[in-house]
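1. Provide a 3D model corresponding to the input given below.
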Amino acid sequence: MGKARERLRNLFRRNKRRKTPPPEEPQPPPDNLENFNEKLPMKADEGEMKTYFHVGLLAKMCLIHGYNNGPWKLQTTSKTEGELFLSTFGEGYPSLNDAYGGVEAYQEIENFYTSLAWLTDSLLCADIAARGEAFEGKGQFVLKNTFGLNDDNKFEFQCKCKLDIDRNPIRMELEVPIYKEPLLLGYLTVTPAENFILGCRGAYDWENKKQIRHALCAGYQNETTEVSLKLENFKEVRGSIFQKIGEQWAVAMKANLCGEEVAAHKIMVGCQYEFEPGHMLKARVRGDTYVGLVYQKKLREDIEMMLHGGIEARDPLNGNYSIGTSWYFNLSI
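-> Prediction:
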């Protein structure tokens, strides 16, 4: 059910962007245009080309995944024999009382799928998609619609289409606004040689006719080492390193190296210890002395849990802190 998990992540991200951003501490704001390449996709399937967001993924999983969750998070997905997925998701962020989430029904019929999701901000998200062979590779076309009542109690409708092409050695994705969607988004990655990946990404403000973000990336990954470098707007440089040490230990570092976004909390160093597949302990420290700890364990093949906590080391008594738990249920009925 990996693709179902990724769909829930996207719906969480989609809903978070509509919320008023929480204070920076103890947790950074959710994904937006300012940190728009911190998405955490699922691991690419065998034979599938990597996306822009897979560059530096191991370091992000070690240093970001789990640390930014709220006090509680719950995701459940049930799959029927007829390829019908019923999912619920919810999270308290940044407090126990500030909850949001939703319910989604997702149906697959051969090379087509459709989904309908209700979000707690009274919006409905409806997708219609088709996938198949394209350009001697794999292709997917998705029509994405969002509608409902906004904060002023007025009806709101947005529509865009998404095109995804996967043809060795190229992976491309493009999101084109159709109605009331402000941004044209896209990326292109190419794998010129084994273990190497190059890519570019852009965000264009369709309404105001101006480019607001562009980025270039390069990455290298083998069985033990991952190195990534990204250049945004020809001004900001960020990079990451992930290194396995033996079968169970790994260390990672991630930082903004130069540009306007260089800041202490953007420097992260951490490590992880894998007891066995699905059972891991992670720790990290940021440049502003905020220390975090994540414990994750797969209790069964269809149940995962995660505990996380953090504290400001320079002032442990009066500084900011965070603590929470996350549960993931993936059931077949």
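
2. Run a quick neighbour tally on residue 45.
-> 10 (other CB atoms under 10 Å). Where C-beta positions appear, they are placed from N, C-alpha and C, glycine not excepted.

3. now do residue 166
-> Neighbours of residue 166 under the rule other CB under 10 Å: 22.

4. likewise the one 4 residues further on?
-> A count of nearby residues for residue 170, using other CB under 10 Å, gives 14.

5. mind checking which helix or strand the closest residue to residue 119 other than its chain neighbours is in?
-> Setting aside the residues directly before and after it, residue 119 is nearest to residue 102 in space (CB to CB, 6 or more residues apart in numbering), at 4.1 Å. Element membership for residue 102, per DSSP states H and E: strand 99-109.

6. So for that strand, what gets flagged as buried?
-> Of the residues in strand 99-109, 100, 101, 102, 103, 104, 106, 108 count as buried by neighbour count, 16 or more other CB atoms under 10 Å.

7. Any chance of CSV for those, columns pLDDT and distance to residue 217?
-> Output for those, formatted as CSV (pLDDT from 0 to 100; distance: CB to CB, whole Å):
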residue, pLDDT, distance to residue 217
100, 78, 31
101, 85, 32
102, 89, 32
103, 92, 35
104, 92, 31
106, 92, 31
108, 88, 32
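
8. what is residue 329 paired to in the beta sheet?
-> In this entry, residue 329 is beta-bridged to residue 76, residue 303, by DSSP bridges.

9. give the contact list for it.
-> Taking CB atoms under 8 Å, 6 or more residues apart in numbering, we find residue 329 in contact with 74, 75, 76, 77, 302, 303.

10. quick one, helices of the stretch 1-150 of the chain?
-> 2-16, 57-63 (DSSP state H, counting those that start in this stretch).

11. and these, which one is worst for confidence?
-> Within the helices of the stretch 1-150 of the chain, confidence is poorest for helix 2-16, with a mean of 54 (mean pLDDT).

12. Buried among the contacts of residue 329? Make that a ChimeraX selection.
-> The ChimeraX selection below is limited to those of the contacts of residue 329 classed as buried (16+ other CB under 10 Å):
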select :75,76,77
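
13. What is the nearest of the contacts of residue 329 to residue 198?
-> residue 75 (33.4 Å; CB to CB).

14. What spatial separation is found between the closest residue to residue 125 other than its chain neighbours and residue 100?
-> Excluding the flanking residues, the one nearest residue 125 by CB to CB, 6+ apart is residue 117, at 4.4 Å. When distance is defined by CB to CB, to the nearest Å, residue 117 is 13 Å away from residue 100.

15. Over to residue 271?
-> For residue 271, the distance to residue 100 - CB to CB - is 32 Å.

16. Could you pull up the contacting residues of the nearest residue to residue 90 once chain neighbours are set aside?
-> Leaving out its chain neighbours, the residue that sits closest to residue 90 by CB to CB, 6+ apart is residue 101, at 3.0 Å. Contact analysis of residue 101 by CB under 8 Å, 6+ apart lists 15, 74, 88, 89, 90, 91, 119, 120.

17. Could you dump these into CSV with distance to residue 284 added?
-> Supplementary listing: these in CSV, determined by distance: CB to CB, whole Å:
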residue, distance to residue 284
15, 26
74, 24
88, 30
89, 25
90, 26
91, 21
119, 31
120, 30
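
18. Wait, a strand at residue 265?
-> No - the assignment for residue 265 by DSSP: H, G, I helix; E, B strand; the rest coil gives helix, which leaves it out of any strand.

19. Any stretches of the stretch 151-300 of the chain with poor pLDDT?
-> For the stretch 151-300 of the chain, no stretch is flagged by pLDDT under 70.

20. which residue ranges form the strands in it?
-> Secondary structure of the stretch 151-300 of the chain (DSSP state E, counting those that start in this stretch): strands at 155-167, 170-179, 183-190, 196-205, 210-221, 225-232, 236-245, 249-258, 268-276, 279-286, 290-300.

21. With distance to residue 57 added, can I get those in CSV?
-> Listed next are the strands of the stretch 151-300 of the chain as CSV, based on distance: least, CB to CB, whole Å:
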stretch, distance to residue 57
strand 155-167, 17
strand 170-179, 14
strand 183-190, 12
strand 196-205, 11
strand 210-221, 9
strand 225-232, 8
strand 236-245, 9
strand 249-258, 11
strand 268-276, 14
strand 279-286, 15
strand 290-300, 16
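
22. So for residue 310, which of those strands sits nearest?
-> Comparison of the strands of the stretch 151-300 of the chain against residue 310 by CB to CB identifies strand 290-300 as nearest, at 3.9 Å.

23. where does the stretch 1-150 of the chain dip in pLDDT?
-> The model of the stretch 1-150 of the chain has pLDDT under 70 over residues 1-38, 93-98.

24. How much space separates the closest residue to residue 262 other than its chain neighbours from residue 143?
-> Once flanking residues are discounted, residue 262 sits nearest to residue 256: 4.8 Å by CB to CB, 6+ apart. Distance of residue 256 to residue 143, computed by CB to CB: 36 Å.

25. and what of residue 164?
-> Between residue 164 and residue 143 the distance is 13 Å, computed by CB to CB.
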